[in-house]
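> quick one, what's the 3D model for this:
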Amino acid sequence: MRRFTDFLILLAVLTAMIVLFGLLRDTFWSFTTLGNIANRIPALALVATGMTVVMITGGIDLSVGSVLGLCGAVVGVMMADWQLGLPLALLGSILVGSAIGGTTGAVSVKLRLPSFIVSLGMLEMARGLSFLVTNSQTKYIGAAVETLGAPFGGLVISPAFVISLVIVIAGQVVLSHIAVGRHWIAIGANREAALVSGVPVDRPRILAHALLGALTGLAAVFNCSRLGSADPNAGVGFELSAIAAVVVGGTSLMGGRGSIVKSFMGVLIIATLEAGLVQIGASEPMKRVVTGAVIVAAVLAETWRRK
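Next comes the predicted model:
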């Protein structure tokens, strides 16, 4: 019952935002704005899905924005420089992302280091590598990758949107009904109790980080498809949007509780908020202030719910 109530609250917040921005700017209620929001959702939804799993286990990954930039750089080099097809570039991006995520998880878990610190170091390394890989240049790919982000005939929904929605649903099924999903929740709720109960602790946590990395690699391809190019600066601040979406969706920062479907609702709220701020002419610094305020408000709400 509580889960359904939380979902209704998120739906009410989303509806209120749509109404408010529509009243402030008539053009907000248009297919153009809807298309912009729909194009923003796929990459953010994928990263938020992986971030939800990592945060449920009690961890966090601040490197996803830089990893997205690096994976996008890999896609750009493979398609623009090496003239390889989209399937190989897609595979390369996912492999690079999962390798980086797995490394972050392994170092954090095996050396008993906070994932916050490890991912902060990986953030800098991945961003530096993205500039090295591209020689600090934007790689223009064009139509070869744009098909993923191009809306179906006459619609605002793209193949990337459909794929991300399928992954969100599949992720929720795994989290709720598959053994590894229950292990993630148990580890985040009480690591020592999970260990005593015979639940493997280290491997699922590393897997969660690797999964986040793989989804970030796929998100990088979707981001390239939206822009038609690979920019080494891509993904700057993306981790804040992902964490905001997950926290707004009700995932506990302490671990042990969360929902991928509600994180997707958080994605819709963040995407709508960003589109609305652009519509009313808010500056980039102001958008950062509002995003930060949303994170703080969501954390306060989470603290209040725990009491």
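
> below-threshold pLDDT in the stretch 101-250 of the chain: ranges please.
153-154 (pLDDT under 70).

> can you pull out the helices in it?
Ranges of helices in the stretch 101-250 of the chain, per DSSP state H, counting those that start in this stretch, are 115-134, 143-146, 159-177, 179-189, 191-196, 202-227, 238-248.

> can I get these in TSV with distance to residue 270?
For the C-beta atoms, the positions are set from N, CA and C on the backbone; glycine is no exception. Converted to TSV, these look like this (distance: least, CB to CB, whole Å):
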stretch	distance to residue 270
helix 115-134	20
helix 143-146	24
helix 159-177	14
helix 179-189	23
helix 191-196	30
helix 202-227	14
helix 238-248	5
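
> which stretch among these comes nearest residue 267?
helix 238-248 (4.5 Å; CB to CB).

> mind putting the helices of the stretch 101-250 of the chain into JSON lines with distance to residue 47 and mean neighbour count?
Formatted as JSON lines, the helices of the stretch 101-250 of the chain follow (distance: least, CB to CB, whole Å; neighbours: other CB atoms under 10 Å):
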{"stretch": "helix 115-134", "distance to residue 47": "13", "mean neighbour count": "19"}
{"stretch": "helix 143-146", "distance to residue 47": "18", "mean neighbour count": "16"}
{"stretch": "helix 159-177", "distance to residue 47": "10", "mean neighbour count": "17"}
{"stretch": "helix 179-189", "distance to residue 47": "17", "mean neighbour count": "20"}
{"stretch": "helix 191-196", "distance to residue 47": "25", "mean neighbour count": "14"}
{"stretch": "helix 202-227", "distance to residue 47": "5", "mean neighbour count": "26"}
{"stretch": "helix 238-248", "distance to residue 47": "4", "mean neighbour count": "26"}
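
> of those helices, which is nearest residue 13?
Per CB to CB, nearest to residue 13 of the helices of the stretch 101-250 of the chain: helix 238-248, 8.2 Å.

> so the closest one versus helix 202-227, what angle?
Helix 238-248 runs at 120 degrees relative to helix 202-227, counting by axes from the mean of the first three to the mean of the last three CA atoms, to 10 degrees.

> name the next helix or strand following helix 238-248 along the chain.
Next helix or strand after helix 238-248 toward the C-terminus (DSSP states H and E): helix 260-279.

> output that next one as CSV, nothing but the C-alphas.
Extracted C-alpha coordinates of helix 260-279, given in CSV (Å, rounded to 0.1, in the frame of the first residue of the first chain):
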residue,chain,number,x,y,z
ILE,A,260,13.5,1.0,-10.5
VAL,A,261,10.0,1.9,-11.7
LYS,A,262,9.8,4.8,-9.2
SER,A,263,13.3,5.9,-10.2
PHE,A,264,11.9,6.1,-13.8
MET,A,265,9.2,8.4,-12.4
GLY,A,266,12.0,10.4,-10.9
VAL,A,267,13.6,10.5,-14.4
LEU,A,268,10.4,11.9,-15.8
ILE,A,269,10.3,14.5,-13.1
ILE,A,270,13.9,15.6,-13.6
ALA,A,271,13.5,15.7,-17.4
THR,A,272,10.3,17.7,-17.1
LEU,A,273,12.0,20.1,-14.6
GLU,A,274,15.0,20.7,-16.8
ALA,A,275,12.8,21.2,-19.9
GLY,A,276,10.6,23.6,-18.0
LEU,A,277,13.5,25.6,-16.7
VAL,A,278,14.8,25.9,-20.2
GLN,A,279,11.4,27.1,-21.4
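
> tell me which other helices or strands that helix touches.
Contacts defined by 3 or more CB pairs under 8 Å, 6 or more residues apart in numbering; DSSP states H and E place helix 260-279 against helix 2-24, helix 31-56, helix 159-177, helix 238-248, helix 284-306.

> quick check: mean pLDDT across the second one?
It stands for helix 31-56. Here helix 31-56 scores 90 as its mean pLDDT.
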